[in-house]
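# take this sequence and fold it.
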Amino acid sequence: MRKLKLNTIYKHFKGNLYLVIDVVVDSESGRDMVLYRALYDDLKLYVRPMDMFLSEVDHDKYPEIKQKYRFEEYSIERER
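Predicted coordinates:
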């Protein structure tokens, strides 16, 4: 199973970047949820079930997407 890295930037399969902040617990269901911040527009905070965050893209629904996972770790390389 994939592991989530805190304080790491992830790229959503639709192109936007997000910073994973922490793992929190839904008080109603007890499910682990990923707390993450958008790195665009107004920098909103979002929460999503961890299993969904780490899941693969539904390539039947999105056949044009090349990215394997819904969110993939993203590294910013410096230009020299």
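# what is the mean pLDDT for stretch 57-77?
Averaging pLDDT along stretch 57-77 gives 94.
# how about that stretch: buried residues?
Val57, Gln67, Tyr69, Arg70, Phe71 (16 or more other Cβ atoms under 10 Å). C-beta: built from backbone N, CA, C; applies to glycine.
# what of stretch 23-40?
Neighbour count says stretch 23-40 has Met33, Val34, Tyr36 buried, by 16+ other Cβ under 10 Å.
# so who does the last one touch?
Put plainly, it is Tyr36. Tyr10, Tyr18, Leu19, Val20, Ile21, Leu45, Tyr46, Val47, Arg48, Phe53 (Cβ atoms under 8 Å, 6 or more residues apart in numbering).
# give me the pLDDT value at the nearest residue to the second one once chain neighbours are set aside.
It stands for Tyr18. Nearest residue to Tyr18, sequence neighbours excluded (Cβ to Cβ, 6 or more residues apart in numbering): Tyr36, at 4.6 Å. Note on Tyr36: pLDDT of 98.
# no more questions from me, cheers.
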